[in-house]
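Undergrad: sequence-free structure coming up:
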């Protein structure tokens with residue numbers, strides 16, 4: 001008779017610092033639900049920084065209706081790319097970077113950790129900058145606070161410190177914050193719809209009108225695709241982090257519910273995206289200086305057009321929403337780095353990454369003026385992250401969702417060997433598919449007025465970097481699995497799907513705490 005799983009434990013107190021790192025979460029502690037995943041993923045995007053991204057279609061010259069089409073297309077496509085990444089957490093009980101050991105190798109899994117670091121820094125910085133600017137601007141309009149460097153320094157430091165404190169306490173506290181943020185931020189966005197209803201004109205025409213010259217009209221598709229990709233970058237940015245939260249969901253939970261929660265969480269972000277798009281169109285009409293592509297200032301423009309009674313809600317929206325984005329980004333990266341550097345606990349790794357991120361925020365804001373380049377930074381990171389996600393998802397499919405959780409933890413325990421050791425800890429098939437696709441995507445990236453890769457003009461100004469990286473990763477990875485078979489032991493009892501395998505000995509797991517043999521595999525629950 002098989003052993004019965006431990007009964008679920010009572011949830012830990014909110015003020016109890018989370019002890020778990022990236023080791024497999026015990027069954028008794030996996031008490032989260034798909035609804036919790038929805039709250040975290042939606043709460044992390046139902047924020048002021050998402051509004052800033054929603055303004056980009058207008059900044060690129062699109063009309064409101066064209067921008068709405070680009071926004072819906074970006075959110076839908078991004079949600080479809082993202083949602084399968086939610087299944088790794090319940091199956092393996094760990095985060096997605098650790099799960100990637102099965103496809104990139106025991107050592108190759110560090111790719112996911114560094115990609116999540118870059119993504120977290122980009123979106124954490126965006127949330128701190130946008131929310132801090134809104135707080136200072138709102139306080140200036142409400143109380144006459146001077147909008148000087150000191151005011152911004154205090155706002156950024158206070159905000160970043162609050163986010164860091166939540167991340168140190170861990171998953172339960174973060175879930176509590178997001179439960180509040182989802183409801184309150186949504187209500188504030190709806191209140192904003194009332195505030196701006198009288199000024200909103202859905203017929204805002206943008207610059208690509210019939211009277212525009214030929215040179216301007218020729219930039220429509222590059223601008224439309226560029227705006228779509230910036231919107232798409234938001235849902236895709238959660239790819240490396242979904243496992244951080246879904247690992248607390250029991251393995252027996254039907255996968256369709258987990259995937260559905262991730263998908264719906266991104267569809268719900270149309271609320272902040274459309275709010276940003278609509279208000280940006282108002283700013284472009286009433287205060288066009290704030291949407292000058294050479295020096296855009298959406299936050300300043302929003303405050304300039306807001307009725308006085310909405311200043312306080314703007315400040316609350318910046319504080320609550322920014323907390324959600326900051327915590328969901330920083331928590332996962334601290335968790336990841338506690339596995340890359342095992343001598344650091346989750347708390348110490350979170351503090352270290354948080355401190356480095358805060359330094360980046362201040363240098364970027366006051367020293368290098370990186371704020372205007374954050375969309376470029378985010379787009380390039382996502383272009384590199386998406387092929388990694390493709391390798392993960394195709395790997396899950398070819399493995400039929402079967403993994404050996406003990407072998408996944410080899411790197412974290414400073415051990416060697418196991419089913420995912422491949423060639424000295426590297427699976428060159430997955431690694432090659434990732435870096436070739438990522439490099440191809442960056443070479444073909446074309447963000448109008450911001451970044452053009454060496455081959456970015458070959459498609460007549462249209463940014464095909466991300467679609468090309470997706471296709472290259474999928475085709476190359478599957479081709480390599482056929483041409484250079486992986487060890488049969490990396491696959492479960494049902495064998496491989498589409499890929500070929502070869503019988504080779506599995507190197508025993510050796511090192512600190514290793515038992516004899518390769519470790520007892522724990523098959524994924526057959527949840528459908």
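TA: Sure thing, it's come through. Being a predicted model, the structure only gives us computed values, none of them experimental.
Undergrad: What is the longest helix of the protein by residue count?
TA: Using DSSP state H to define each element, the chain has its longest helix at helix 110-143.
Undergrad: For that helix, which helices and strands make contact with it?
TA: For helix 110-143, the elements it packs on are helix 48-54, helix 96-99, helix 149-169, helix 298-305, helix 311-340, helix 346-362, helix 374-398, judged by 3 or more C-beta pairs under 8 Å, 6 or more residues apart in numbering; DSSP states H and E. Placement of C-beta: from N, CA and C, glycine included.
Undergrad: Determine how far it lies from the middle of the whole chain.
TA: 13 Å (C-alpha atoms, centre = their mean, to the nearest Å).
Undergrad: ok, and for it, which residues are buried?
TA: By neighbour count on 16 or more other C-beta atoms under 10 Å, the buried set for helix 110-143 is 110-141.
Undergrad: same thing with stretch 496-507?
TA: For stretch 496-507, burial by neighbour count (16+ other C-beta under 10 Å) applies to 496, 499, 501, 506.
Undergrad: which among these gets closest to residue 151?
TA: Each of the buried residues of stretch 496-507 was checked against residue 151 using C-beta to C-beta; the closest is residue 499, at 57.4 Å.
Undergrad: these two touch, right, the closest one and residue 485?
TA: Yes - the criterion here is C-beta atoms under 8 Å, and residue 499 meets it with residue 485 at 7.0 Å.
Undergrad: Tabulate the buried residues of stretch 496-507 in JSON lines, adding columns for secondary structure.
TA: Converted to JSON lines, those look like this (DSSP: H, G, I helix; E, B strand; the rest coil):
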{"residue": "496", "secondary structure": "coil"}
{"residue": "499", "secondary structure": "coil"}
{"residue": "501", "secondary structure": "strand"}
{"residue": "506", "secondary structure": "coil"}
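Undergrad: Quick check: the farthest pair among those residues?
TA: Maximum distance among the buried residues of stretch 496-507 (C-beta to C-beta): 17.4 Å, for 499 and 506.
Undergrad: tell me the angle the longest helix of the chain makes with helix 298-305.
TA: 20 degrees (axes from the mean of the first three to the mean of the last three C-alpha atoms, to 10 degrees).
Undergrad: Helix 110-143 vs helix 149-169, what angle?
TA: Inter-element angle recorded for helix 110-143 and helix 149-169: 130 degrees (by the same axes, to 10 degrees).
Undergrad: ok, the closest residue to residue 180 other than its chain neighbours - contacts?
TA: Excluding the flanking residues, the one nearest residue 180 by C-beta to C-beta, 6 or more residues apart in numbering is residue 320, at 7.2 Å. When the contact criterion is C-beta atoms under 8 Å, 6 or more residues apart in numbering, the partners of residue 320 are 180-181, 184-185, 188.
Undergrad: Spell out which helix or strand contains residue 79, please.
TA: Secondary structure from DSSP states H and E places residue 79 in helix 64-82.
Undergrad: That helix vs helix 374-398, what angle?
TA: Taking the same axes, to 10 degrees, one finds helix 64-82 and helix 374-398 inclined to each other by 40 degrees.
Undergrad: next structured bit after helix 64-82?
TA: Next in sequence after helix 64-82, counting helices and strands by DSSP H and E, comes helix 88-92.
Undergrad: Centre of the chain to that next one, how far?
TA: In terms of C-alpha atoms, centre = their mean, the centre of helix 88-92 is found 18 Å from the chain centre.
Undergrad: That helix - contacts with which helices or strands?
TA: helix 96-99, helix 242-246, helix 255-267.
Undergrad: Take those helices and write them to TSV, including mean neighbour count.
TA: Listed next are those as TSV, based on neighbours: other C-beta atoms under 10 Å:
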stretch	mean neighbour count
helix 96-99	30
helix 242-246	29
helix 255-267	20
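Undergrad: Now tabulate those in JSON lines and tack on mean pLDDT.
TA: Formatted as JSON lines, those follow (pLDDT from 0 to 100):
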{"stretch": "helix 96-99", "mean pLDDT": "91"}
{"stretch": "helix 242-246", "mean pLDDT": "86"}
{"stretch": "helix 255-267", "mean pLDDT": "96"}
